[in-house]
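> Model the following, please.
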Amino acid sequence: QVQLVESGGGLVQTGGSLRLSCEASGRTLTSAVMAWFRQAPGKERELVAATRWSRGTTYYADYADYVKGRFIIFRDSAKNAVYLQMNSLKLEDTATYYCAARTYYSGTYSGKYDYWGQGTQVTVSA
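Here you go, the predicted structure:
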């Protein structure tokens, strides 16, 4: 079993930055796909960014078009953690952000994830 705990959400003004953290426990993820999703009120959950690694090799991350150039996903293998650096935040980035993980890569970052965090709220104000 893998437990995911997010942190780092909060209130920020437009144009500001936040860094979300997702720490995994329960097992060391030597090979995994980890992603950040978000869900705004009244909207469906959407994939924001994802990354994967296998036996020490980190592969290219992928991003939703609306965050490309603003958000960066990266990992710290020593801490068994993944981060989402969010820059140039916009009002429409307001949402609950979730970290998710699975231990296999199916050729795509979409699809089912087996482990989820509890979510962290990001609110961007004008």
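> tell me the centre residue of the chain?
Most central in the chain under C-alpha atoms, centre = their mean is residue 36, positioned 2.3 Å from the mean C-alpha point.
> bridging residues for it?
Judged by DSSP bridges, the bridge partners of residue 36 are residue 49, residue 99.
> What distance do you get for it to residue 67?
9 Å (C-beta to C-beta, to the nearest Å). C-beta: built from backbone N, CA, C; applies to glycine.
> Find residues that contact each of those two.
Counting by C-beta atoms under 8 Å, 6 or more residues apart in numbering, the common neighbours of residue 36 and residue 67 are 48, 49.
> Name the nearest residue to residue 8, ignoring sequence neighbours.
Using C-beta to C-beta, 6 or more residues apart in numbering and skipping the chain neighbours, the partner closest in space to residue 8 is residue 20 (4.2 Å).
> quick revisit: quickly note the distance from the residue nearest to the centre of the chain to residue 63.
Here residue 36 is placed at a distance of 10 Å from residue 63 (C-beta to C-beta).
> Thank you, goodbye.
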